[in-house]
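Undergrad: Fold the stuff below for me.
(chains A and B)
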Amino acid sequence: MPGLITMDDLSNEEIMSILDDAERLLPVAEGRTYLPLLQGKILGNLFFEPSTRTRMSFETAMKRLGGDVVNLGDVKTSSVVKGETLYDTIQMVDGYTDIIAMRHPRQGAAQYAQDAASVPILNGGDGAGHHPTQTMLDLFTIRQAHGTLEGLKVILAGDLRYGRTVHSLSHALTRFGCELIFASPELLKMPTEIVNDLTKHGANVTETEELLGSIADADVVYMTRIQKERFADEDEYTKVAGAYKLNASNLEGAKENMIIMHPLPRVDEIHPSVDGTRHARYFQQAFNGVVARMALLCRLLGIKVPETIADGGEA
Amino acid sequence: MAQEHNMRRVTAIRNGTVIDHIPSGHAMRVLEMLAVDKSTSVPVSMVMNVPSKKMGTKDIIKVEDRELNQDELNRLALVAPDARVAIIRAYSVAEKMTIELGDEVTNVVRCTFSNCITTNPREPLAHRLKVMSREPLELRCHYCGRPQDLEELIHNLL
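TA: Sure, this is the predicted structure:
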């Protein structure tokens, strides 16, 4: 059974239908309703590199639906350190589990694992490649705030060069006809081949080094962390990174329903003064990782999410 | 006439394979891709940069006493997609073959991206490049999705 390796594995209709499932699962994700749709199913969590939110939210999603989780544990103490191939690891875990969530430092690892496995693979990030479950929770968060994904104006800001999150999201938003504004320092611009690819698919893209001037018209501001180690020296970093920081006063002219998102962890690109504003959506976004992954687990395991789910008690 | 003259640069072979219309300068690569070297111990003749009506100049290879099969020839699609191949038996053309580039190039070359999962030589699954376009030739790794630089790819022959 196929898994989710890139967003290309899902049509726009499938994306919307999975987001609909996720919306109905909210009371289950929040722990108000008990709905053991995945009882008897086991998720294998294979994280070959560190992850906090992705790994924990997969685990939470599985457990909220009555399923169970086995973990690879620390790579340093697993058979991987003894030189086991990914192929062999997958063969083993494939036998133990019904579905696998995986993050791996090598690009293409998720597709490779899917070709080796009989159970579905959920790609939780492969090198600088794809991170489709993050994109699904991002889309869920945007639709939750705006009621639609169509035709929104979205600013993606910060490190657009190395962030797989913003690459996957840009592709997905293009499919829904969103206008994209890429605000980043020259050094961390969106890679040209991605911009070309987006344009080829009909995207309306503007590239700028100026973040604050674009905020007034935006429906979504998607912030990312600029990493110090990308710069030659600390002075350069301080000078550049300063232009991609938000505080509450920057948001005064913003649209009422504009939302600020961030894949987290943040360092200082969003000042805590933003947290209390109506625009802040990053913690909600992190929570949405649970509900989006619940819907994906059900879909890939072939379990239908009921059309109505009671809010509270046993569904 | 030019054609006959070219062919006479090396003697006709009794049995074997003639590969004609190889882009100029690519004959060595073709031999490398077919793993024709000292260890195969069959006579090989090669002419390079000879005039061609169709191509301007071209290379030609004759491998004696060996009939290359379609799978072997398809490996050449990356460097000589328009090559024409003749199987020779008793000095006559017994069979004509063309190189076919399918939808995928499997186990011919390794992906050029240094962080692709397939760079671990112990990983056992096939090396697979998807053919995205034929004219111009555009290949992407089935696993990591990276577009492949054709010049670089030649150095990654398996």
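Undergrad: per-residue pLDDT, the nearest residue to A:Gly44 once chain neighbours are set aside?
TA: Of all residues not flanking A:Gly44 in the chain, A:Thr97 sits nearest, at 3.6 Å (C-beta to C-beta, 6 or more residues apart in numbering or on different chains). In this view, the C-beta of every residue, glycine as well, is placed from N, C-alpha and C. The score at A:Thr97 is 98. That number is its pLDDT.
Undergrad: do B:Ala2 as well
TA: 51.
Undergrad: Can you name the residues that contact the residue nearest to A:Gly44?
TA: By C-beta atoms under 8 Å, 6 or more residues apart in numbering or on different chains, A:Thr97 lies in contact with A:Ile42, A:Leu43, A:Gly44, A:Val70, A:Val119.
Undergrad: cool, and A:Tyr96?
TA: The contact partners of A:Tyr96, by C-beta under 8 Å, 6+ apart, come to A:Ile42, A:Gly44, A:Val70.
Undergrad: What ranges does chain B have for its helices?
TA: B:2-8, B:27-33, B:70-74, B:150-153 (DSSP state H).
Undergrad: check contacts around the closest residue to chain B within the stretch 51-200 of chain A.
TA: The minimum distance from the stretch 51-200 of chain A to chain B, using C-beta to the nearest C-beta, falls at A:Gly108 (3.1 Å). Contact analysis of A:Gly108 by C-beta under 8 Å, 6+ apart lists A:126-127, A:129, B:111, B:113, B:116-118, B:141-145.
Undergrad: Kindly report the same for A:Lys228.
TA: Contacts of A:Lys228 by C-beta under 8 Å, 6+ apart are A:Glu234, A:Tyr237, A:Ala241.
Undergrad: now those: which count as buried?
TA: With burial judged by 16 or more other C-beta atoms under 10 Å in any protein chain shown, the buried subset of those is A:Tyr237, A:Ala241.
Undergrad: thought A:Asp68 was touching A:Asn45?
TA: No: using C-beta atoms under 8 Å, A:Asp68 is not in contact with A:Asn45; the gap is 10.9 Å.
Undergrad: So between those two, which is more surrounded?
TA: A:Asn45 (24 against 15; other C-beta atoms under 10 Å in any protein chain shown).
Undergrad: Isn't the more buried one up against A:Leu72?
TA: Yes: counting by C-beta under 8 Å, A:Leu72 is a contact partner of A:Asn45 at 6.5 Å.
Undergrad: Give me the neighbour count for the nearest residue to A:Gly312 once chain neighbours are set aside.
TA: Residue nearest to A:Gly312 in three dimensions, not counting chain neighbours: A:Arg32, with 5.2 Å by C-beta to C-beta, 6+ apart. For A:Arg32, the tally of surrounding residues (other C-beta under 10 Å) stands at 13.
Undergrad: Grab the nearest non-local neighbour of the spatially most central residue of chain A.
TA: In chain A, the centroid-proximal residue (C-alpha atoms, centre = their mean) is A:Gln134; its distance is 1.2 Å. Nearest residue to A:Gln134 in three dimensions, chain neighbours excluded: A:Thr165, at 5.2 Å (C-beta to C-beta, 6+ apart).
Undergrad: doesn't A:Asp138 make contact with that neighbour?
TA: Yes: contact status for A:Thr165 versus A:Asp138: in contact at 7.5 Å, counting by C-beta under 8 Å.
Undergrad: Mutual contacts of those two, please.
TA: By C-beta under 8 Å, 6+ apart, the residues touching both A:Thr165 and A:Asp138 are A:Pro263.
Undergrad: Any residues of chain B in contact with chain A? List them.
TA: B:111, B:113, B:115-120, B:122-125, B:141-147 (C-beta under 8 Å from any C-beta of the partner chain).
Undergrad: Quick one, which of these are buried?
TA: Members of those classed as buried by 16+ other C-beta under 10 Å are B:111, B:113, B:115-119, B:123, B:125, B:141-146.
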